[in-house]
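Participant: Below is the structure, and that's it, no one-letter string:
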Ligand SMILES: O=C(O)c1cc(=O)[nH]c(=O)n1[C@@H]1O[C@H](COP(=O)(O)O)[C@@H](O)[C@H]1O
């Protein structure tokens, strides 16, 4: 996965992942009205709305970026119809050649993690048959339960060429509550970062980076510079640019000297760009995907300044 991701980053010259986190209040009226007319105001309609919205965005940006990151919570809240939209979004993005990072943030004991791992980055077996359910290239994980909770995923990374992004320093305002605690002369996030680096050492790709990466929030540039040194071979998935306030200037220390090492996520900043005055001057609400395309181009230019 990591070599495929890097190849696409190099081809597009855009270390960008577009977060597909649809919310009904962020979706253009015409899409909602059409679905409500057919399905009523139901979970079925929500699923149809999300898929149609995502598909139009994917169609309009797939040539510009290497990857998308659907956030499962947005879909899961609507039950099976929401999850159907999640799966269809993944499959469509794969058809268009995009790398898919499933933002599922799982964490459980090994025997349960095994089931998550088979479903999300492996294959599930039903008697003598086996199936791919969620065709993601990588997923996000929470490491709080320790290495045995991560091992079932590492196994599938090897077998199926998949990747992991493990939470190390998150972007939220209270991330320091536990992550910045002193644990024997270092911060907890540093301790976790060193472990993630070690877990990934057995999975280094051709370009020198591991299939096991880290989530490092864009809102913590100082800690990121620290982590960059501690874990030089881990790719960083970096959320927090745009809607959460981080700017390109904050992101310099997330990249290595080779210009690689980080992929920056923006969700609301891209998918809801049509609500931003800047793009409203150029495009109508029905042209929401063109606003998203323009927002990706602007983000790419913004990041080029610091790489
Ligand atoms: O794992 C993540 O992607 C993640 C980790 C983190 O520390 N902070 C964070 O915002 N995220 C996710 O990144 C996305 C950020 O969305 P925007 O703030 O709209 O760009 C959401 O899907 C979050 O769930």
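Facilitator: Thanks, I have the structure now. Everything numeric here is computed off the predicted structure, so don't read it as measured data.
Participant: how about the residue in the stretch 51-200 of the chain that the ligand sits nearest to, what does it touch?
Facilitator: Nearest residue of the stretch 51-200 of the chain to the ligand: residue 170, at 3.1 Å (C-beta to the nearest ligand atom). (C-beta placed from N, C-alpha, C; glycine too.) Neighbouring residues of residue 170 by C-beta atoms under 8 Å, 6 or more residues apart in numbering: 179, 215, 217.
Participant: Pick out whichever of these sits closest to residue 59.
Facilitator: Distance to residue 59 across these (C-beta to C-beta) is lowest for residue 215, with 27.8 Å.
Participant: Same question for the closest one, what's its three-state structure.
Facilitator: What DSSP: H, G, I helix; E, B strand; the rest coil gives for residue 215 is strand.
Participant: what's across from it in the sheet?
Facilitator: Beta bridges link residue 215 to residue 167, residue 237 when assigned by DSSP bridges.
Participant: hang on, the earlier thing: please tabulate the contacts of residue 170 in a markdown table, including the columns neighbour count and pLDDT.
Facilitator: Shown next, in a markdown table, are the contacts of residue 170 (neighbours: other C-beta atoms under 10 Å; pLDDT from 0 to 100):
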| residue | neighbour count | pLDDT |
| --- | --- | --- |
| 179 | 21 | 98 |
| 215 | 24 | 98 |
| 217 | 27 | 97 |
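Participant: Would you mind giving the residues you listed as TSV with distance to residue 24 added?
Facilitator: Listed next are the contacts of residue 170 as TSV, based on distance: C-beta to C-beta, whole Å:
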residue	distance to residue 24
179	32
215	26
217	26
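Participant: of those, list those near the ligand.
Facilitator: By C-beta under 6 Å from any ligand atom, the members of the contacts of residue 170 lying near the ligand are 215, 217.
Participant: give me the number of residues near residue 284?
Facilitator: The number of residues packed near residue 284 is 12, by other C-beta atoms under 10 Å.
Participant: and it, what pLDDT?
Facilitator: Here, the pLDDT recorded for residue 284 equals 97.
Participant: which residues does it contact?
Facilitator: Residue 284 touches nothing, counting by C-beta under 8 Å, 6+ apart.
Participant: pretty sure residue 46 is in a strand, no?
Facilitator: No - the assignment for residue 46, made by three-state DSSP, is helix rather than a strand.
Participant: And for it, the neighbour number?
Facilitator: Neighbour count for residue 46, taken as other C-beta under 10 Å: 26.
Participant: heads up, I number from 6, so please use that
Facilitator: Noted, 6 is the first residue going forward, which turns the last one into residue 51.
Participant: From the ligand, how far off is it?
Facilitator: According to C-beta to the nearest ligand atom, to the nearest Å, residue 51 stands 18 Å off from the ligand.
Participant: residues touching that residue, list them.
Facilitator: So residue 51 contacts 29, 83, 86-87, 90 (C-beta under 8 Å, 6+ apart).
Participant: per-residue confidence for it?
Facilitator: Looking at residue 51, the pLDDT reads 98.
Participant: how about the strands in the protein?
Facilitator: Using DSSP state E, the strands assigned to the chain run over residues 21-25, 72-75, 104-111, 129-131, 134-136, 143-146, 168-174, 217-221, 241-243, 267-271.
Participant: need these in JSON lines with distance to residue 196, can you?
Facilitator: Compiled in JSON lines, these are given as follows (distance: least, C-beta to C-beta, whole Å):
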{"stretch": "strand 21-25", "distance to residue 196": "26"}
{"stretch": "strand 72-75", "distance to residue 196": "26"}
{"stretch": "strand 104-111", "distance to residue 196": "19"}
{"stretch": "strand 129-131", "distance to residue 196": "34"}
{"stretch": "strand 134-136", "distance to residue 196": "37"}
{"stretch": "strand 143-146", "distance to residue 196": "16"}
{"stretch": "strand 168-174", "distance to residue 196": "10"}
{"stretch": "strand 217-221", "distance to residue 196": "13"}
{"stretch": "strand 241-243", "distance to residue 196": "17"}
{"stretch": "strand 267-271", "distance to residue 196": "21"}
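Participant: tell me which residues in stretch 293-310 are buried?
Facilitator: Across stretch 293-310, burial judged by 16 or more other C-beta atoms under 10 Å covers 293-301, 304-305, 307-308.
Participant: Quick check: the farthest pair among the residues you listed?
Facilitator: Largest separation among those by C-beta to C-beta: 293 and 308, giving 22.7 Å.
Participant: Out of the buried residues of stretch 293-310, which comes closest to residue 264?
Facilitator: Using C-beta to C-beta, these come closest to residue 264 at residue 308, 10.4 Å.
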